[in-house]
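Engineer: Sequence and predicted model, in that order:
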Amino acid sequence: MASIRKILLPVEFPNTSLDVLHQSVLLAGHFKAQIVMLHVVTATSHAADIPYPGQEPPGWDLLARILQDAQKQQDQSLASELHGIPIQCLLTGGDPARTILRTAQTENTDLIMMSSHGFIFDQFLLDSVTATVLQTAPQPIWTGAHIEESPSHPFSIRKVLCAVDLGPRSDDAISWASEIATEFSARLTLAHVTAGVELWGPGGWHVDQEWKEALVSDASQRIAKLESETGIKAEVFIGSGDVPKVLSQAAKQANADLLVNGCYPYGGNLRTQVYGIISAVPIPILSV
């Protein structure tokens, strides 16, 4: 894992995702990283008194506006959390997804952090901007929890769940998950989802126990080998069937605060399957 030196944080107006902002500040503080805060002005945000690039009135400041919005939402802790965090604010125009991708490249950022949905989209569907960035960006992407309401307690990283498919990207996922777990003194759990083990037969669906034992045994051996090769020791969760549903169960069982997602379910690229996982697992997800 390359160290996190610079985080790209696209922000939306109005209704900025303060949850993801708090999470970015937490990471930046631990990894001593800089936050590049980007807002792409749209007709909606301009109607909310965000100026177009080059038309900012004297003294106007993006971060100050965010802090004002936080106070309106009765978030009193953000200002103190931001103290000492180096932040670069960018205000620009254009297509939001393309601008985010271009800024990530030109600013040489190590991580993109963004909300999984925007206020102008159905809250139960993945924001199309986030979807485009997930499909295209070469660097890891952190998406906030895809839930309707903010958590009642401050975000912290005490338990990390890492989903692996035991393929070529597993080392990268485990490396990210392990370093984050080490940085925050968090417990690490590796999760693997095998193929379904249910068969239709007389009386309905039945679990093929012999097949299940063979799949679980094979996965356990391969995970043990992966742990040995990477020098990492973690708890292990092995499930079977629908990947998003099983990973949601794993997150609940592990009481995880973060899912590091490095699996390639169904033989396809993760970024074509990640939407179901983000929608099903109600915690922040780091896709690598």
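Structural biologist: Perfect, I can see it now. What you see is a predicted model; the values in this text were computed from it and never measured.
Engineer: ranges for the strands of the stretch 151-288 of the chain?
Structural biologist: 159-164, 187-194, 198-201, 204-207, 235-240, 258-262, 285-287 (DSSP state E, counting those that start in this stretch).
Engineer: Highest mean neighbour count out of those strands?
Structural biologist: strand 258-262 (a mean of 29; mean count of other Cβ atoms under 10 Å). Quick note: C-beta positions are derived from backbone N, CA and C, even for glycine.
Engineer: partners of that strand in the sheet?
Structural biologist: Here strand 258-262 has these sheet partners by DSSP bridges: strand 159-164 (parallel), strand 285-287 (parallel).
Engineer: would you put the C-alpha positions of the longest one in PDB?
Structural biologist: This file holds the C-alpha atoms of strand 159-164, laid out as PDB (Å, rounded to 0.1, in the frame of the first residue of the first chain):
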ATOM      1  CA  LYS A 159     -12.800  -3.200  13.300                       C
ATOM      2  CA  VAL A 160     -11.900  -3.600   9.600                       C
ATOM      3  CA  LEU A 161     -13.500  -6.200   7.300                       C
ATOM      4  CA  CYS A 162     -11.500  -7.000   4.200                       C
ATOM      5  CA  ALA A 163     -13.400  -8.800   1.300                       C
ATOM      6  CA  VAL A 164     -11.100 -10.900  -0.900                       C
END
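Engineer: which outside residues touch it?
Structural biologist: For strand 159-164, the surrounding residues in contact (Cβ atoms under 8 Å, 6 or more residues apart in numbering) are 170, 173-174, 176-178, 180-181, 184, 186-193, 223, 226, 234, 237, 247, 250-251, 254-263, 277.
Engineer: Try it again at 7 Å.
Structural biologist: 170, 173-174, 177, 180-181, 186-192, 247, 250-251, 254-263 (Cβ atoms under 7 Å, 6 or more residues apart in numbering).
Engineer: what pLDDT, on average, does it get?
Structural biologist: Mean per-residue pLDDT for strand 159-164: 95.
Engineer: now the angle between strand 187-194 and it, please.
Structural biologist: Orientation check (axes from the mean of the first three to the mean of the last three Cα atoms, to 10 degrees): strand 159-164 against strand 187-194 gives 30 degrees.
Engineer: before we move on, the earlier item: for Ala214, find the nearest of the strands paired with strand 258-262.
Structural biologist: Across these, Ala214 has its closest neighbour in strand 159-164 (19.1 Å, Cβ to Cβ).
Engineer: how far out from the middle of the chain is that closest one?
Structural biologist: Taking the mean of its C-alpha atoms, strand 159-164 sits 12 Å from the chain's own mean (Cα atoms, centre = their mean, to the nearest Å).
Engineer: got the angle for that strand vs strand 235-240?
Structural biologist: Using the same axes, to 10 degrees: strand 159-164 against strand 235-240 is 50 degrees.
Engineer: What separation is there between His146 and Ser3?
Structural biologist: 28 Å (Cβ to Cβ, to the nearest Å).
Engineer: Of those two, which one has the most company?
Structural biologist: Legend: neighbour count by other Cβ atoms under 10 Å for His146 and Ser3, higher for His146 (24 against 9).
Engineer: Domain-wise, how is this structure divided?
Structural biologist: As recorded under automatic domain parsing, the domains making up the chain are 6-143, 159-287.
Engineer: how about those domains in JSON lines, adding distance to His153?
Structural biologist: Converted to JSON lines, these look like this (distance: least, Cβ to Cβ, whole Å):
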{"stretch": "domain 6-143", "distance to His153": "11"}
{"stretch": "domain 159-287", "distance to His153": "10"}
